[in-house]
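In: Return atomic coordinates for the entry below.
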Amino acid sequence: MITLEMMPPLMFGGMIIAMLIGYPVAFTLAAVGLSFGFLSIYLGFFDFNFLQAIPGRIFGSVLSNELLLAIPFFTFMGAVLERCGLAEDMLDSMGQLFGPIRGGLGYSVIIVGFILGAITGTVAAQVIAMALISMPVMIRYGYNIRYITGVLAASGTITQLVPPSLVLIVLADQLGKSVGDMYLGAWGPSIFQILLFAGYTFLLGIIKPSHVPAVPKEARTLAGWALWKKCLLGIIPSAVLIFVVLGTMMMGLATPTEAGAMGAVGAIVLAAIHHKEFSSAGHKALIAGVIAAGIGTIVAILYSENLVFKILFAITYLAVVWICLEAVRIPDLRDLIKQGYETTMRITSMVTFILIGSTCFSVVFLGVSGGVWLEHHLTSLPGGVWGFLIFINLFIFFLAFFLDFFEIAFIILPMIAPVAQKILAPVVGPDAALIWFGVMLCVNMQTSFLHPPFGFALFYLRGVAPKEVKSSDIYWGAMPWIGLQAIMVALVIAFPITVTALLEKPLDVDLNKVKIEVPQIDLPPLELGPTPKQ
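Out: Take a look at the predicted model:
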């Protein structure tokens, strides 16, 4: 006879087995959840009315969730920017800027990976674009093949962690935290990770200089102002787009969904002005829009919003509309926008179906006391907080061999988040506990794209690498960078301040000492008039 205590492990095991067989995750989750739901009704653990919570949560928490509206906007932004040629120009200019020093091409790949991660958010496109552009150049100038494959794959995975990462939006939603706070928490580990990658390249240049040689002088075609101009033409528009998306959110001017919408429009503008067929009228509209936006911002700061401000920003909006129409006029960009729509539709549909399936599973799992079962096992781990963190990170690391990020976020995270809140709150406080936990898992899940033999970044690299590059070189090349990411996970666990430093400190208020003082008001005597006769 199956008891209530046996149901949670049976459900968990059934889910793992069904997914290992290879069925689509969204339908697997729904099927396992509903199957165990009907079994629970048969065994009397709950009645049929309990399952009414499933459509209630799907329509009330999933399909009406405004935060998840940001996913198609950020997906479209990345889909447009990954194909518009921005990466090629940035890698070329950065490669020539850092070329004279040992490891210069490696530094350029790391820096461009960081910048692209902040504006595209897609690992596949980033790895493929940088490999197609940089790998032949690095091979030509004598870089070690394992270093080449490792730095290209690792720099592509940075996009998972750098705001405005799609991963961080999903984590914020599943953990019930602010997207802005999740972004603030991720900046510290993002910068430390870049420094770790650059530090490894620097040490390699000292220990094994033949692995990362400098680019010969005769191979550098640009110098002086021409080189700096090309670098700035790639960096400044990207920085403006990053500010439009991140700055407006951090300053409280826009919600994540609104910021994503501005990012999607900004991606079309960036692709248009970067295209060689961009017209002279478009350039004039761009200049007019930039000048109007600059003057309008100054007016708003000095004199607050007035008629002049509104007119100037109306000019900016008209310039944006004109540039978007330019993008529609150019056949290449029209096709690019269409491909962006198709990619957005596929990813958004996938996310929605996974959410529906995970809702079916989680409702039944909680109905058979799965939450209590999970909390009991996780809180009884040896080592307290640190034992819990080590176990969870190892569990997520191995789970990422088989599951995609979205599957881990929508299936596993809702189960362990309440336990994490309870265990981690004494360490960093209740407000920062899940931010710290979410960023930690984000750093951890980067390795899912790198570790052999299942890392998707390695598959992407294998698909575009020349035939002379062996698969063993790709796998062995990833190992040092996996170690660097593991060091980053350890740093985030050991030093929570790497995440919490930028977060707002909670107000420390003793409610027992709060006094409310009401000022005494002297009222004139009431005139009630003569007393009526009896």
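In: what residue ranges in the stretch 401-534 of the chain score low on pLDDT?
Out: 402-404, 452-454, 505-534 (pLDDT under 70).
In: Quick check, residue 462 in contact with residue 471.
Out: Yes - contact criterion Cβ atoms under 8 Å: residue 462 and residue 471 qualify, at 6.1 Å. For every residue, glycine as well, the C-beta is placed using N, CA and C.
In: give the contact list for residue 205.
Out: Contact partners of residue 205, counting by Cβ atoms under 8 Å, 6 or more residues apart in numbering, are 101, 102, 103, 211, 212.
In: at 10 Å what do you get?
Out: By Cβ atoms under 10 Å, 6 or more residues apart in numbering, residue 205 lies in contact with 101, 102, 103, 104, 106, 107, 211, 212, 213, 214.
In: Run a quick neighbour tally on the last one.
Out: The local packing count at residue 214 equals 19, with neighbours defined by other Cβ atoms under 10 Å.
In: Got phi/psi on it?
Out: phi -70, psi 150 (degrees, to the nearest 10).
In: re earlier: touching both of residue 462 and residue 471, which residues are there?
Out: residue 149.
In: before we move on, the earlier item: return the entry from the contacts of residue 205 with the maximum number of neighbours.
Out: residue 106 (30 neighbours).
In: quick one: that one from residue 77, how far?
Out: Distance from residue 106 to residue 77, counting by Cβ to Cβ, to the nearest Å: 27 Å.
In: Among the contacts of residue 205, which are located in strands?
Out: Among the contacts of residue 205, no residue falls in strands (DSSP state E).
In: so of the residues you listed, which ones are in helices?
Out: 104, 106, 107 (DSSP state H).
In: for those residues, which one is nearest residue 362?
Out: Comparing the ones in helices among the contacts of residue 205 against residue 362 with Cβ to Cβ places residue 106 closest, at 43.5 Å.
In: Without its sequence neighbours, what residue ends up closest to the closest one?
Out: residue 201 (4.4 Å; Cβ to Cβ, 6 or more residues apart in numbering).
In: Any buried residues in the helix or strand hosting that neighbour, and which?
Out: Following DSSP states H and E, one finds residue 201 within helix 179-207. Within helix 179-207, the residues scored as buried using 16 or more other Cβ atoms under 10 Å are 179-190, 192-194, 196-198, 200-202, 204-205.
In: just for this structure, where's the confidence low?
Out: For the chain, the stretches with pLDDT under 70 are 1, 85, 87-89, 119-125, 218-223, 305, 402-404, 452-454, 505-534.
In: roughly how far apart are the spatially most central residue of it and residue 296?
Out: Of all residues in the chain, the one closest to the mean position by Cα atoms, centre = their mean is residue 165, 2.0 Å from it. Distance of residue 165 to residue 296, computed by Cβ to Cβ: 30 Å.
In: swap in residue 362?
Out: In terms of Cβ to Cβ, residue 362 sits 47 Å off from residue 296.
In: Residue 424 now?
Out: Distance from residue 424 to residue 296, counting by Cβ to Cβ: 44 Å.
In: Distance from the chain centre to the host helix or strand of residue 270, please.
Out: In the assignment (DSSP H and E), residue 270 maps to helix 256-274. Averaging C-alpha positions (Cα atoms, centre = their mean, to the nearest Å) puts helix 256-274 17 Å from its chain's average.
In: Same question for the helix or strand following it: list its buried residues.
Out: The element immediately downstream of helix 256-274 (helix or strand, assigned by DSSP H and E) is helix 280-303. The neighbour-count check on helix 280-303 (16+ other Cβ under 10 Å) flags 282, 285, 286, 289, 292, 293, 295, 296, 299, 300 as buried.
In: Go through those residues and name the one nearest residue 46.
Out: Nearest to residue 46 among the buried residues of helix 280-303, with distances taken as Cβ to Cβ, is residue 300, at 56.9 Å.
In: coming back round to it: quick one, the helix holding residue 201 and helix 256-274 angle?
Out: 50 degrees (axes from the mean of the first three to the mean of the last three Cα atoms, to 10 degrees).
In: contacting residues around stretch 385-396?
Out: By Cβ under 10 Å, 6+ apart, the surrounding residues in contact with stretch 385-396 are 377-383, 403, 408, 412-413, 416, 419-420, 423-427, 436-437, 440-441, 443-445, 447-448, 486, 489-490, 492-494.
In: please redo it, this time with the cut-off set to 6 Å
Out: Around stretch 385-396, the neighbours that count as contacts under Cβ atoms under 6 Å, 6 or more residues apart in numbering are 381, 423, 427, 441, 444, 493.
In: repeat for stretch 135-145
Out: 105, 148, 211, 213, 215, 473.
In: Could you find which two of these are furthest from each other?
Out: 215 and 473 (21.7 Å).
In: Give me the more crowded residue out of those two.
Out: residue 215 (23 against 18).
In: Ignoring the adjacent residues along the chain, who's closest to the more buried one?
Out: residue 99 (3.4 Å).
In: Distance-wise, check that neighbour relative to residue 201.
Out: 14 Å.
In: and residue 359, how far is that from residue 102?
Out: 53 Å.
In: What about the closest residue to residue 405 other than its chain neighbours, how many residues nearby?
Out: Of all residues not flanking residue 405 in the chain, residue 445 sits nearest, at 5.5 Å (Cβ to Cβ, 6+ apart). Residue 445 is flanked by 26 other residues according to other Cβ under 10 Å.
In: Name the helix or strand for residue 445, please.
Out: Secondary structure (DSSP H and E) places residue 445 in helix 433-446.
In: Just the CA trace of that helix, in CSV.
Out: Extracted in CSV, the C-alpha atoms of helix 433-446 (Å, rounded to 0.1, in the frame of the first residue of the first chain):
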residue,chain,number,x,y,z
ALA,A,433,18.6,35.8,1.5
LEU,A,434,17.0,34.8,-1.8
ILE,A,435,18.9,37.4,-3.8
TRP,A,436,22.2,35.8,-2.6
PHE,A,437,20.8,32.3,-3.3
GLY,A,438,19.5,33.2,-6.8
VAL,A,439,22.8,34.9,-7.9
MET,A,440,24.7,32.0,-6.5
LEU,A,441,22.7,29.5,-8.6
CYS,A,442,23.1,31.7,-11.6
VAL,A,443,26.9,31.6,-11.3
ASN,A,444,26.6,27.8,-10.8
MET,A,445,24.4,27.2,-13.8
GLN,A,446,26.9,28.9,-16.1
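In: and it, what other elements does it pack with?
Out: Where contact means 3 or more Cβ pairs under 6 Å, 6 or more residues apart in numbering; DSSP states H and E, helix 433-446 is packed against helix 166-175, helix 179-207, helix 384-399, helix 413-428, helix 471-494.
In: got a list of contacts for the fourth one?
Out: Under the criterion Cβ under 6 Å, 6+ apart, residues 174-175, 362, 374-375, 378, 385, 388, 433-434, 436-437, 496, 500 lie in contact with helix 413-428.
In: Can I have the buried ones of those as a PyMOL selection?
Out: The PyMOL command for the buried members of the contacts of helix 413-428 (criterion: 16+ other Cβ under 10 Å) is given here:
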select buried, resi 174+175+362+374+375+378+388+433+434+436+437+496+500
